[in-house]
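In: Next comes the sequence, and after it the predicted model I'd like to discuss.
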Amino acid sequence: MLALDHVGKTYPNGVRALDGVTLEVAPGEIVAIVGGSGCGKSTLLRAVSGLDRPTSGTVTLDGAPITQPHEKIGIVFQEPRLLPWLSVAHNVGFGLESRPRPERNARVKAQLDRVGLTDKANVWPRELSGGQAQRVAIARAFVTRPEVLLLDEPFSALDAFTRADLQDHLLDVWADAKPTLVVVTHDVDEAVVLADRVIVMRARPGRLYEEIVTDLPRPRDRQSAAFDFAKRRVLAALDRSLDRKAVTDAGETKTSAGAALWW
Amino acid sequence: MSVEAKSTPVPSEAVPRRRADASVGLQRLALAIALPAGIAIAWELIVRAGWSDGRLMPPPSRIWQEFEELARNGELWRHMAATLLRVAVGFGVGTAAGTLLGAFAGYSSITRRLIDPSLQGLRAVPSIAWIPLFILWLGIFETSKVALIAVGVFFPVYLGVMAAILSVDRKIVEVGRVFRLSGFAMVRRILLPAVLPAYVVSLRAGLGLGWMFVIAAEFMGASEGLGYLLIDGQQLGKPAEIVAAILTFAVLGKLSDALVAAAAAPFLRWEDAFGAQHGAG
C-alpha cells in the first residue's frame, strides 16, 4: 500500500507547490492524476519517487517511509532518458547490474520481447524513434519488478497514434505483475484509458480536488458511451477545479468548450 | 500494434555504403594534400629554373637530402626520441594532474570554490614566464623541461574535465539516482561515460599545447631534441635543417593527435552528433 499523509512541499521562494495531500493507493491499482499546469502534479510524483523530499507530511510504502529513491518504486519520465552510450539491451538492464549475468540477460530479453523491441536489442538509443525510446524506458522500469511505478506525463511528447499504441503496451506489460501505477498526465483520454481512479488536482496551493472512479472493464473501448461519459465527468471536474462554475456533470455542450481550454 | 518496429534490413545497404565511404575517403585525402603538394612542386620548379637560389627557403629536394643525411647519421632519431620522451612524460603528468583536479573541482563545489580561483589566476600567467623559476627550482636538465610541458597540458585538461562534469545532464544523473547508484557507481556508470567526449577533446587540446611547450623548453637550453635542431640550424645558417625539424614536428604532432583520437573512437561510437554522422575527423 502506497500512502501519502498530509504531504506538502513549499519551495525556498515561498511557492506552496503541494499542501496537505493525503492519498492511499492499493496494490495493483492504477491512479491517474490530472490537473491544470502548475497544480503540483509533477512535484507530487517526485516526492513519491524519493527524488525530492516533501517539506511536510510523509510518503510510505507498506509502512516504510520514502525519503530517497526506493528499490520497489520505479519511475518513467516524460523523456525516455536512455543512456546514449549503452545499447538498448544494456539500457533495459541498467537496474539489474547486481544480478548474475544469465538472470539479467534472460530478464532483459523477456522484457524487450514484451514491448516488441527484440530486434532493437543491440542498437544505440540514437537509432530509435521517440515511441520506441519510450518503450525502452518502460521496459527499463518494469524489468526491476517494482511494486509501484510512477509515470510523469510519459507519452505527452508523442503523436496521438503512437500514444494510443503505447497506452495499450503499458497496460499489456502492467498485466504481467500488476504493480501499482501512478500516472501523471494532462491527457484526459489517457487518464480514462488507464486508470481505475482519476484524481483532479487544483493549483495554488497544489492539492487534491476531486476523485472520479473510472473502473470500466478492460480492455476499454475508446469509442464506447461509458468511456465517453467517464471522460465528460473528468473534464467537468477539471473545469470546476479551474473555477468554471457554469459546468456540471451533465453539462455536455459546455464541457466540450472547457476541454479545449483547461490546460 | 507495433508499426514502428519495422526497419530496413541493414546488410543489404551496408556494402555499397562502405564502397562509397572508401572513395569519399580517397577524394578527401587528395583534397587535403593538394595545397601543400602543389606549393612544394611549384617551389621546386622555381628554384630549378633559376628564378630563385633557394638559399633562405630550400626547395623540397634539398630538404629531402637533409632528411636523408640526418636519418643516415642517426641524428634525426636521437632528436626525435628526446623530444617524444619529453612530450610523453609531460603529457602524462599534466593529464594526470589535470584530470584529478578537474574531477575534484567538477564533483565537489567546495573544492571548486577552494582551488578554481587560484588555478584560473595561474592560468592567466603566460606559461613561458615559468621558465626562469623552473630552472632555478629544477635545474637546467630534463625535469624543468617536463615540468613546463606538464603545465601547458594541465590547464586545458583541468578546464575540460571540470566543465564537462558540471554540464552533465541533470536528467541523466537522476536516472542514476532512481536506480540508487552509490557515489562510486554514479561516477563509473553515469559521469565517466557522459564526460568522455569532452574529455577526449581536452586531451587533444592539451597534447597540442604539449607540442608547443616542448619547443619553448628545448629553446631554453638543450643538447638534443627537435627544438635544439631548430636553434642549431639557425646558428649555423642551415635553413634546410630548420624546415626538416619543423616538418618532423608537424608529422609527430598530427600522428600523436590521430593516435589519441583513434584510441578514443571505440568508446565514442554511440555519439549522436553532427560530427559523428559527417566524419569530422
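Out: Looks like it came in fine.
In: chain center to the helix or strand encompassing B:Ile41, what's the gap?
Out: Using DSSP states H and E, B:Ile41 sits within helix B:11-48. Here helix B:11-48 is found 23 Å from its chain centre; the criterion is CA atoms, centre = their mean, to the nearest Å.
In: check whether that helix contacts chain A.
Out: No. Helix B:11-48 is not in contact with chain A by CB under 8 Å from any CB of the partner chain; minimum separation 13.4 Å. C-beta here means a position set from N, CA and C on the backbone, and glycine is covered the same way.
In: Buried residues in that helix, which are they?
Out: By neighbour count on 16 or more other CB atoms under 10 Å in any protein chain shown, the buried set for helix B:11-48 is B:43-44, B:47.
In: Check stretch A:119-131 too.
Out: Buried, per 16+ other CB under 10 Å, within stretch A:119-131: A:120-121, A:123-125, A:128, A:130-131.
In: give me phi/psi at the residue in the stretch 151-263 of chain A that chain B sits nearest to?
Out: Residue of the stretch 151-263 of chain A nearest chain B, by CB to the nearest CB: A:Asp165 (6.3 Å). Main-chain dihedrals, A:Asp165, degrees, to the nearest 10: phi -60, psi -50.
In: What of the one 4 residues further on?
Out: Dihedral angles phi and psi of A:His169 (degrees, to the nearest 10) take the values phi -60, psi -50.
In: now A:Val21
Out: According to degrees, to the nearest 10, A:Val21 has phi -90, psi 120.
In: For the helix or strand encompassing B:Ala88, buried residues please.
Out: Assessed by DSSP H and E, B:Ala88 sits inside helix B:75-107. Across helix B:75-107, burial judged by 16+ other CB under 10 Å covers B:76, B:79-80, B:82-83, B:86-87, B:89-91, B:93-95, B:97-99, B:101-107.
In: Now the helix holding B:Ile41: average pLDDT?
Out: Mean per-residue pLDDT for helix B:11-48: 79.
In: Wondering if stretch A:127-135 reaches chain B at all.
Out: Yes. Judged by CB under 8 Å from any CB, stretch A:127-135 and chain B are in contact via A:129, A:131-132.
In: mind checking which helix or strand of chain B has the lowest mean pLDDT?
Out: Every helix and strand in chain B was compared by mean pLDDT, DSSP states H and E; the lowest is helix B:274-278, with a mean of 57.
In: Quick check: nearest residue in space to A:Glu211, chain neighbours excluded?
Out: A:Ile199 (5.3 Å; CB to CB, 6 or more residues apart in numbering or on different chains).
In: just for chain A, where's the confidence low?
Out: Counting by pLDDT under 70, chain A has low-confidence residues at A:244-263.
In: Relative to chain B, which residue of it is the closest?
Out: Closest contact between chain A and chain B, by CB to the nearest CB, is at A:Arg126 (3.6 Å).
In: For that residue, which residues are in contact?
Out: A:Arg126 makes contact with A:84, B:270, B:272, according to CB atoms under 8 Å, 6 or more residues apart in numbering or on different chains.
In: secondary structure class for it?
Out: Three-state call for A:Arg126 (DSSP: H, G, I helix; E, B strand; the rest coil): helix.
In: Verify the stated contact: A:Pro80 with A:Ala137.
Out: Yes. A:Pro80 is in contact with A:Ala137 according to CB atoms under 8 Å; the separation is 4.2 Å.
In: Which one's more surrounded, those two?
Out: Neighbour count, other CB atoms under 10 Å in any protein chain shown: between A:Pro80 and A:Ala137, A:Ala137 has more, with 25 against 22.
In: On the three-state scheme, that one is what?
Out: With three-state DSSP as the basis, the three-state label of A:Ala137 is helix.
In: what's the domain layout of chain B?
Out: According to automatic domain parsing, chain B comprises the domains B:1-52, B:58-278.
In: which of those is buried the deepest?
Out: Comparing the domains of chain B by mean neighbour count (mean count of other CB atoms under 10 Å in any protein chain shown), domain B:58-278 ranks first with a mean of 17.
In: Run the chain-centre distance for that domain.
Out: Relative to its chain's centre, domain B:58-278 lies at 6 Å (CA atoms, centre = their mean).
In: What of stretch A:236-244?
Out: 22 Å.
In: And it, what's buried?
Out: In terms of neighbour count (16+ other CB under 10 Å), stretch A:236-244 has its buried residues at A:236-242, A:244.
In: Off-centre distance for stretch A:71-83?
Out: With CA atoms, centre = their mean, you get 11 Å for stretch A:71-83.
In: now check that stretch, is it near chain B?
Out: Yes. Counting by CB under 8 Å from any CB, contacts between stretch A:71-83 and chain B involve A:71, A:74-75, A:77, A:79, A:81, A:83.
In: Determine whether the claim that B:Trp270 is in a helix is correct.
Out: No. With three-state DSSP as the criterion, B:Trp270 is located in coil rather than a helix.
In: how close does the residue lying closest to B:Thr99 once chain neighbours are set aside get to chain A?
Out: Excluding the flanking residues, the one nearest B:Thr99 by CB to CB, 6+ apart is B:Val161, at 5.5 Å. Separation of B:Val161 from chain A (CB to the nearest CB, to the nearest Å): 17 Å.
In: Measure how the strand or helix carrying B:Ile242 sits relative to helix B:11-48, angle-wise.
Out: Element membership for B:Ile242 (DSSP H and E) is helix B:239-264. Going by axes from the mean of the first three to the mean of the last three CA atoms, to 10 degrees, helix B:239-264 is angled at 170 degrees with respect to helix B:11-48.
In: That's all I had, so thanks and see you.
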